[in-house]
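Enquirer: The following block contains a protein sequence and its predicted model.
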Amino acid sequence: MIFEGAHTKLEGVTITTRQQAGDQRGSFSRLFCADQLGALGWQGAVVQTNLSRNMEAGTLRGLHLQFAPHAEMKFVQVIEGRVLDVAVDLRAGSKTYGQHIAVELSAENQQGLLIPKGCAHGFQLLSEKATLIYHHSAAYQPDAEGGVRFDDPELNIAWPLPARNLSARDLSLPSLARFGGGVRI
Ligand SMILES: Cc1cn([C@H]2C[C@H](O)[C@@H](COP(=O)(O)OP(=O)(O)O[C@H]3O[C@H](C)C(=O)[C@H](O)[C@H]3O)O2)c(=O)[nH]c1=O
């Protein structure tokens, strides 16, 4: 088994663990596997893969999602350093609307997060540097981008460090209350 999965309280949000084959040369691991990730909930082709490099502990990006018809699944993994990775359920009518899960992803624990359409994603660096790889099931559409404030008290996300290096866009995101009850995907 290349990827093991643990489902979470948010439907479709799954914590994965990547198996690594090591020998005297080093190691080999698979960053995506349609069969095994499909069995854990991934749907559709990988349309885009992104690399996010980050340079300071406390750096925080998010909480972002794309609106329909450009809603996307994301598969997030860390290949350097450590982050607290967060998914927030923004699906209209969901029994866990407004709830989140937070999990430490690191190059060491080989964990990843499968995030379905309608859930916002963000992370904070727990190490001085961190590099993330994302697989997306839809192409980047700036006009379809949205999200919620990382520090909205209604979300009650316990970010471990003071937030640093926030983008102007992230600081301008709305609170959950202004999000209008959720997205239809
Ligand atoms: C997301 C994206 C961005 N860009 C360009 C747009 C900007 O010129 C530059 C940085 O974009 P942005 O500041 O939106 O990057 P992040 O704040 O890291 O956004 C990402 O961070 C959160 C945590 C996510 O989950 C998403 O993958 C994504 O929204 O890359 C692209 O060209 N393609 C893309 O797919």
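Expert: Alright, I've got the coordinates.
Enquirer: for the residue of the chain found nearest the ligand, what are its contacts?
Expert: Scanning the chain for the residue nearest the ligand gives Tyr140, at 3.2 Å (criterion: CB to the nearest ligand atom). Heads up, the C-betas are built off the backbone N, CA and C, glycines and all. Listed by CB atoms under 8 Å, 6 or more residues apart in numbering, the contact partners of Tyr140 are 48, 66.
Enquirer: So it: helix, strand or coil?
Expert: coil (DSSP: H, G, I helix; E, B strand; the rest coil).
Enquirer: For it, grab phi and psi.
Expert: Per-residue torsions, Tyr140: phi -60, psi 130 (degrees, to the nearest 10).
Enquirer: any idea how far Ala107 is from it?
Expert: 25 Å (CB to CB, to the nearest Å).
Enquirer: go on, Asn156?
Expert: For Asn156 relative to Ala107 (CB to CB), the value is 28 Å.
Enquirer: Those two - which one has more neighbours?
Expert: Using other CB atoms under 10 Å as the criterion, Asn156 and Ala107 rank with Ala107 on top: 15 against 9.
Enquirer: Contact partners for the more buried one?
Expert: Here Ala107 is in contact with 78-82 (CB under 8 Å, 6+ apart).
Enquirer: before we move on, what about Glu80?
Expert: Here Glu80 is in contact with 107, 129-131 (criterion: CB under 8 Å, 6+ apart).
Enquirer: center of this structure - which residue?
Expert: Nearest to the mean C-alpha position of the chain, by CA atoms, centre = their mean, lies His121 at 4.3 Å.
Enquirer: who's in contact with that residue?
Expert: 62-65, 74, 76, 85-88, 113, 115.
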